[in-house]
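>>> Have a look; sequence and predicted model below, questions after that.
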Amino acid sequence: MIDRSRRPPALLGLLPACLCLLAGTAQAQAQQALSWDDALQRLRSGSDQLAAARAGVEHQEARAEGIARLGGPSVSLLGAAYSYKASLDLNLDPLSQGLNQIVGRLPPLLGGIVSQLPQLPHSYTLERRNSGETAQLSAFWPLYLGGAADAARGLVAAQTAEARAELLGSEHDATALLAQRYFLTQLARRAAALREAAAEGVAAHDAAAAKMQAAGVASRLERLQAKAALEEARHQARKARSDAELAALALARSLKLEAQPAPSTPLALHSQALPPLPDFLIVALQNHPGLARVAAKKEQAAELLRASHALNRPQVFAFGQRALNHNGDWVAGVGVRVNLWDSLDHAALERSHLRQIAQADATDAQARSDIALLVERQWRATESAREQYLGLAAQDELAQELLRLRQAGLRQGTSTALDLIDAELNLAKQRTARAQVAYDYVLALTGLLQACGQLDSLGDYLARADIKLE
């Protein structure tokens with residue numbers, strides 16, 4: 001009979017690996033695969049911040065559409081039905097006194113006859129009642145407003161341009177934050193995988209150290225050192241996995257995802273150098289949304305200055321009115337309005353607008369200087385990370401070779417299990433550090449493209465990269 005309670009050692013060794021594989025498969029199914037393009041699309045369609053910025057743009061566009069025909073003719077129709085009662089109290093005392101004086105001058109016979117007539121009352125109330133209806137058509141057409149209508153349209157157009165620049169800036173800020181969280185999740189997942197693989201390797205070496213101690217070829221100190229190294233490796237693996245889950249949670253919150261996302265676009269970088277710095281500077285000084293925002297502010301101040309000048313110019317208008325009842329009365333003409341004096345200090349307002357324009361010019365100059373410095377810093381950081389990543393290839397090869405030598409040495413009895421554990425952990429450390437440099441490269445590239453106003457091309461840059469950390 002076969003004793004099924006005793007399984008071959010090889011089968012016992014495969015059981016943990018199978019369990020880990022099944023657990024990993026279940027975890028992968030619970031996660032949601034997410035490419036960079038999908039994440040970016042989801043951000044733009046679901047971000048409350050971007051929705052608010054888009055609503056601001058639509059608000060300004062609707063305003064511009066609403067005043068597009070400002071300064072044109074207007075026609076109005078007035079209709080009314082009415083009923084009225086009018087009363088007038090007349091004081092008849094002066095009239096009575098005048099009649100008495102006249103009667104006194106008449107001949108006695110005639111005066112006696114007149115005096116027999118009834119006396120006038122002291123007052124008399126006249127009253128009139130009537131009802132009717134009226135309708136009239138009126139037209140008003142400003143012929144010349146001194147440029148006030150054009151200034152109003154220009155002001156709203158500049159405010160719309162500012163809202164668009166703010167929307168673009170908000171999109172870039174949100175995309176940069178998404179890139180940070182997305183690729184941080186990739187880095188954390190890679191670091192966790194490396195730490196877990198190292199912990200498995202250390203566990204195997206610890207088991208070998210236990211067998212060597214039992215065989216009398218390893219001391220108890222070496223066994224304890226291996227055991228301590230295993231506990232530390234497992235702690236680091238658990239911490240790395242916790243960091244990866246926290247990074248994925250932050251990414252999920254950014255995109256309003258229920259399931260934990262699993263980014264599928266890898267960390268990547270170019271082995272070749274970036275285009276020259278002046279190329280990026282030219283693009284940045286043309287496309288940075290901050291410069292568009294400053295230009296819109298300057299245009300608003302210029303339009304306000306135009307409006308201030310328009311208020312002091314003569315205004316010419318045509319008008320007409322026609323009654324729609326049976327008589328058809330009408331009137332038409334041309335009028336001129338000249339502002340002689342009002343309570344505003346127009347000279348002070350003009351100085352205010354001129355200083356606002358000067359402020360915008362100074363802000364633009366400072367922004368261009370800051371943007372140029374930002375572009376150069378991000379360009380240098382990207383190049384530095386690229387060179388550092390390529391330079392770490394030698395250390396990666398060294399760590400792999402050292403691990404190979406320690407494995408051979410352990411078989412030949414020239415190395416200890418602790419030496420092999422140190423080599424295993426050193427390789428994981430070197431590869432984690434190299435992945436961190438790749439993440440630094442992606443972040444610096446993100447900052448560079450954001451400064452140039454071309455953050456939408458980040459996905460294309462990564463897709464064309466010849467080095468990918470799958």
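Happy to help now that I have it.
>>> Leaving aside the residues adjacent along the chain, what's closest to the most centrally placed residue in the chain?
Most central in the chain under Cα atoms, centre = their mean is Ser170, positioned 2.3 Å from the mean C-alpha point. Of all residues not flanking Ser170 in the chain, Ala53 sits nearest, at 4.4 Å (Cβ to Cβ, 6 or more residues apart in numbering). Where C-beta positions appear, they are placed from N, C-alpha and C, glycine not excepted.
>>> The one you found is in what secondary structure piece?
Assigning secondary structure by DSSP states H and E places Ala53 in helix 48-66.
>>> same check, this time on Asp206
According to DSSP H and E, Asp206 maps onto helix 148-215.
>>> quick one: that helix to chain centroid distance?
Centroid separation between helix 148-215 and its chain, computed with Cα atoms, centre = their mean, to the nearest Å, is 18 Å.
>>> any idea of the angle that helix forms with helix 48-66?
Using axes from the mean of the first three to the mean of the last three Cα atoms, to 10 degrees, the direction of helix 148-215 lies 170 degrees away from that of helix 48-66.
>>> Compute the mean per-residue pLDDT across stretch 207-226, please.
The average of the pLDDT scores along stretch 207-226 is 81.
>>> same deal with stretch 277-287?
Mean predicted confidence for stretch 277-287 is 95.
>>> list the buried ones in that stretch?
For stretch 277-287, burial by neighbour count (16 or more other Cβ atoms under 10 Å) applies to 280-281, 283-285.
>>> Distance to Phe183 and secondary structure added to those residues, as JSON lines?
Below are the buried residues of stretch 277-287 laid out as JSON lines (distance: Cβ to Cβ, whole Å; DSSP: H, G, I helix; E, B strand; the rest coil):
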{"residue": "Phe280", "distance to Phe183": "21", "secondary structure": "helix"}
{"residue": "Leu281", "distance to Phe183": "26", "secondary structure": "helix"}
{"residue": "Val283", "distance to Phe183": "23", "secondary structure": "helix"}
{"residue": "Ala284", "distance to Phe183": "22", "secondary structure": "helix"}
{"residue": "Leu285", "distance to Phe183": "28", "secondary structure": "helix"}
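>>> Could you single out the nearest of these to Ala151?
Ranked by distance to Ala151 (Cβ to Cβ), the buried residues of stretch 277-287 are led by Leu285 at 29.1 Å.
>>> what's the helix or strand for the nearest residue to the closest one once chain neighbours are set aside?
Using Cβ to Cβ, 6+ apart and skipping the chain neighbours, the partner closest in space to Leu285 is Arg368 (6.0 Å). Per DSSP H and E, Arg368 falls inside helix 346-412.
>>> picking up where we left off before, which residues sit against the helix holding Ala53?
Helix 48-66 is contacted from outside by 43-44, 153, 156-157, 159-160, 162-164, 166-167, 170-171, 174, using Cβ atoms under 8 Å, 6 or more residues apart in numbering.
>>> now for those residues, which pair is the farthest apart?
Pairwise distances across these peak at 34.5 Å for Leu43 and Arg153 (criterion: Cβ to Cβ).
>>> who's more crowded, those two?
Neighbour count, other Cβ atoms under 10 Å: between Leu43 and Arg153, Leu43 has more, with 20 against 17.
>>> ok, now which ones touch the more buried one?
Contacts of Leu43 by Cβ under 8 Å, 6+ apart are 50, 174-175, 178, 254-255.
>>> The strand ranked longest in the chain: which residues count as buried?
Counting by DSSP state E, the longest strand found in the chain is strand 123-144. Buried positions in strand 123-144, judged by neighbour count with 16+ other Cβ under 10 Å: 136, 142.
>>> what packs against it?
Packing partners of strand 123-144 (3 or more Cβ pairs under 8 Å, 6 or more residues apart in numbering; DSSP states H and E): strand 74-91, strand 315-323.
>>> any idea which of the ones you listed scores lowest on pLDDT?
For those, mean pLDDT drops lowest on strand 74-91, to a mean of 84.
>>> Quickly run through the sheet partners of it, with directions.
Here strand 74-91 has these sheet partners by DSSP bridges: strand 123-144 (antiparallel).
>>> Report the angle between the partner strand and strand 315-323.
Angle of strand 123-144 versus strand 315-323, following the same axes, to 10 degrees, is 130 degrees.
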